[in-house]
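Visitor: Build me a model from this:
(chains A and B)
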There are 2 protein chains.
Amino acid sequence: MSSRTHLSSNAHTQFCEVKGGERYAYRRFGSGPGLPLLLLQHFTGTLDNWDPALTDALAEGRELILFDSAGVGRSSGTVPTTVAGMATHATAFLDGLGVGTCDVLGLSLGGMVAQQMVLDRPTAFRRLILVGTAPRGGDDIMHLEKPRLAKHLQDPSNKGYSVLQKIFFTLTPNGQAAGASFVARLAERTEDLDGVSGPAVANAQMAAFRDWERVIGQRFAELRTIRHPTLVVNGVHDEMIPVVNSYHLVENLPNAVLLTYPDAGHGSLFQYHESFARQAAAFLSVTNESAVY
Amino acid sequence: MSSRTHLSSNAHTQFCEVKGGERYAYRRFGSGPGLPLLLLQHFTGTLDNWDPALTDALAEGRELILFDSAGVGRSSGTVPTTVAGMATHATAFLDGLGVGTCDVLGLSLGGMVAQQMVLDRPTAFRRLILVGTAPRGGDDIMHLEKPRLAKHLQDPSNKGYSVLQKIFFTLTPNGQAAGASFVARLAERTEDLDGVSGPAVANAQMAAFRDWERVIGQRFAELRTIRHPTLVVNGVHDEMIPVVNSYHLVENLPNAVLLTYPDAGHGSLFQYHESFARQAAAFLSVTNESAVY
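Guide: Down below sits the predicted model:
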């Protein structure tokens, strides 16, 4: 912790109003030789759900852009019920900022939005990092009614971020210790907060997961058209979006490296934030065109 | 190539005679702060089948020990028909050299031998790198009769190492170019050679694969007892030992990171030798105990 820059904590929330569209909340910080890195957030997550230990480290080599999609946090509008709708908002936001091409880190739902954006507009991104996510037509995507997850989601003693400790991390001592540290890091920010997402956000995003789970056309065919260098990352014991979905991604994307973490779940990038930041930075900064690093 | 040290090419073959046992051929070179790294070779491979671009790079941070098991290359004895028999030879060899604990890189058959050795004697190794290999009871292990492989193995125009270009690499232009470079690098060594393995080696090793494919007891249960930090690496389109076997490894080993390479087959570590050497060195040298790097 002592080596942290606290760039994340010091970043104020800004707003980008798109003509004829929404007013999006975002935070922008960091600098370095890399392209800007857009961060697309998980189910019900807001600007406040990015682990500052991870974003501090990533911000040392490039500018980060954290973003609330429509209807999330302090962004105006309504949460779309499809990933395609969310991709449209994220693209409008980048246009509003005047960012032509950037790199992207999409986590869970955010990884689906990143895939849709790169299909819709291949020039939007140079390289993709897809964490704990699934391709369209993937397997067992975000079924919160599963006993392993429902148990913790329905437990009234899990308040605020503490439910994340139970569902983003393995239940081993190692996993739970990492989860507790993550929750403590999220709680460091006490001002200029987005607040917690309500049921309207959750319901619309859940509808988007159900739509994304449907196979359209030949399963995974669209992945084969994404030539962008991609780094796929997953906790090997992810209960929310199982690792098999990352296998589907790397077996079908033409140029994707897979990295899986042991004793880790949906929050693998937060659990192993030092390793993940090192791996992500290596992938984003390697100079060979294939980006195999 | 210009940055190569040529440590590998300059390494002479040595012999280690074990009292009451075999006389093993080996090469030992490199230096640095790391533990020695034992390299265990693939089906029919000898000392001459290690890519010098890879071993030159790995030898910059540690001593490498390349080894011919009994009956292979210029080692005396008969090739065992089980992985357990091969593990016994490798352990006897390490004892003969006086190496107490080392790191190990096992490729394909060599990765099976490494797993067996660490089960037999957990103190033999500190960290494991398992490339293009499978756990006991894995899927579709080395079925050379499959059309994709048989086609090239039975083609009389594939002479010497050139068959490796067809079966260790994808058939894409990128994969075949990497394969051609690999074959050219193997051909750099022209003296002090092991020679090519004959049918006796192939038949005994194939029997060991058939035995290793059998499930004994609860499938993959023994993997859960291997607490050693492990890096598992696979080409995502490996036709000889499919990537699903690496998935089995990381889903059952308690502390294993998986790295898969795109557009790569069984020879992924040779195709991406610069990346692989960097990743392997990072894994071997990271100071945290879990070795998640």
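Visitor: On the pLDDT front, check the residue of the stretch 51-200 of chain A found nearest chain B for me.
Guide: As assessed by CB to the nearest CB, chain B sits closest to A:Asn174 within the stretch 51-200 of chain A, at 8.3 Å. Just so you know, the C-beta spots here come from the backbone N, C-alpha and C atoms, and that holds for glycine as well. With respect to pLDDT, A:Asn174 has a value of 97.
Visitor: May I ask you to confirm that it is in contact with A:Asp263?
Guide: Yes: if you go by CB atoms under 8 Å, A:Asn174 and A:Asp263 touch, sitting 5.4 Å apart.
Visitor: So for the closest residue to A:Asp120 other than its chain neighbours, what's the pLDDT?
Guide: Excluding its sequence neighbours, the residue lying closest to A:Asp120 (CB to CB, 6 or more residues apart in numbering or on different chains) is A:Ala87, at 5.9 Å. pLDDT, A:Ala87: 98.
Visitor: Distance check, A:Pro262 against B:Val232.
Guide: 10 Å (CB to CB, to the nearest Å).
Visitor: Show me the common contact partners of these two, please.
Guide: B:250, B:253, B:256-257 (CB atoms under 8 Å, 6 or more residues apart in numbering or on different chains).
Visitor: quick one: the nearest residue to A:Asn49 once chain neighbours are set aside and A:Ile65, what's the gap?
Guide: Excluding the flanking residues, the one nearest A:Asn49 by CB to CB, 6+ apart is A:Gln41, at 6.1 Å. In this view, A:Gln41 and A:Ile65 are 12 Å apart by CB to CB.
Visitor: Likewise for A:Ala150?
Guide: 34 Å.
Visitor: of the two, who's got more company?
Guide: A:Ile65 (22 against 13; other CB atoms under 10 Å in any protein chain shown).
Visitor: so what does the helix or strand hosting that one touch, helix or strand wise?
Guide: In this structure, A:Ile65 sits in strand A:64-67 according to DSSP states H and E. Identification of packing neighbours for strand A:64-67 by 3 or more CB pairs under 8 Å, 6 or more residues apart in numbering or on different chains; DSSP states H and E yields strand A:23-29, strand A:37-40, helix A:52-58, helix A:83-97.
Visitor: Distance from the chain centre to the last one, please.
Guide: Between the mean C-alpha location of helix A:83-97 and the chain-wide mean there is a distance of 15 Å, by CA atoms, centre = their mean, to the nearest Å.
Visitor: what angle do it and strand A:23-29 make?
Guide: Using axes from the mean of the first three to the mean of the last three CA atoms, to 10 degrees, one finds that helix A:83-97 and strand A:23-29 are set 70 degrees apart in direction.
Visitor: In PDB, list the C-alpha atoms belonging to helix A:83-97.
Guide: C-alpha atoms of helix A:83-97 as PDB (Å, rounded to 0.1, in the frame of the first residue of the first chain):
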ATOM      1  CA  VAL A  83     -25.000  -5.300 -24.500                       C
ATOM      2  CA  ALA A  84     -25.400  -3.700 -27.900                       C
ATOM      3  CA  GLY A  85     -27.300  -0.800 -26.300                       C
ATOM      4  CA  MET A  86     -24.500  -0.400 -23.700                       C
ATOM      5  CA  ALA A  87     -21.900  -0.500 -26.500                       C
ATOM      6  CA  THR A  88     -23.600   2.400 -28.200                       C
ATOM      7  CA  HIS A  89     -23.400   4.500 -25.100                       C
ATOM      8  CA  ALA A  90     -19.700   3.700 -24.600                       C
ATOM      9  CA  THR A  91     -18.900   4.600 -28.200                       C
ATOM     10  CA  ALA A  92     -20.900   7.900 -27.900                       C
ATOM     11  CA  PHE A  93     -18.900   8.700 -24.700                       C
ATOM     12  CA  LEU A  94     -15.600   8.100 -26.500                       C
ATOM     13  CA  ASP A  95     -16.800  10.300 -29.400                       C
ATOM     14  CA  GLY A  96     -17.800  12.900 -26.900                       C
ATOM     15  CA  LEU A  97     -14.400  12.900 -25.300                       C
END
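Visitor: Which strands or helices does that helix pack on?
Guide: strand A:14-17, strand A:23-29, strand A:37-40, strand A:64-67, helix A:109-120, helix A:199-213.
Visitor: Reformat those as CSV; add mean pLDDT.
Guide: Output for these, formatted as CSV (pLDDT from 0 to 100):
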stretch, mean pLDDT
strand A:14-17, 98
strand A:23-29, 98
strand A:37-40, 98
strand A:64-67, 98
helix A:109-120, 98
helix A:199-213, 98
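Visitor: still on that earlier bit, could you look up the SS state of the residue of the stretch 51-200 of chain A closest to chain B?
Guide: With DSSP: H, G, I helix; E, B strand; the rest coil as the basis, A:Asn174 sits in helix.
Visitor: residues near it, how many?
Guide: Other residues close to A:Asn174 by other CB under 10 Å number 17.
Visitor: hmm, back to that, quick check: which of the helices and strands packed on strand A:64-67 is buried the most?
Guide: Among the helices and strands packed on strand A:64-67, the stretch with the highest mean neighbour count (mean count of other CB atoms under 10 Å in any protein chain shown) is strand A:37-40, at a mean of 26.
Visitor: who does that strand pair up with?
Guide: Within its sheet, strand A:37-40 is paired with strand A:64-67 (parallel), strand A:102-107 (parallel), according to DSSP bridges.
Visitor: Make a markdown table out of the ones you listed and add distance to B:Met117.
Guide: What follows is these, written out as a markdown table (distance: least, CB to CB, whole Å):
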| stretch | distance to B:Met117 |
| --- | --- |
| strand A:64-67 | 45 |
| strand A:102-107 | 39 |
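Visitor: Go through the ones you listed and pick out the most buried.
Guide: Each of the strands paired with strand A:37-40 was scored by mean neighbour count; the highest is strand A:102-107, a mean of 26, by mean count of other CB under 10 Å.
Visitor: and that one, average pLDDT?
Guide: Mean predicted lDDT for strand A:102-107 stands at 98.
Visitor: now the angle from that strand to helix A:109-120?
Guide: Going by the same axes, to 10 degrees, strand A:102-107 makes 140 degrees with helix A:109-120.
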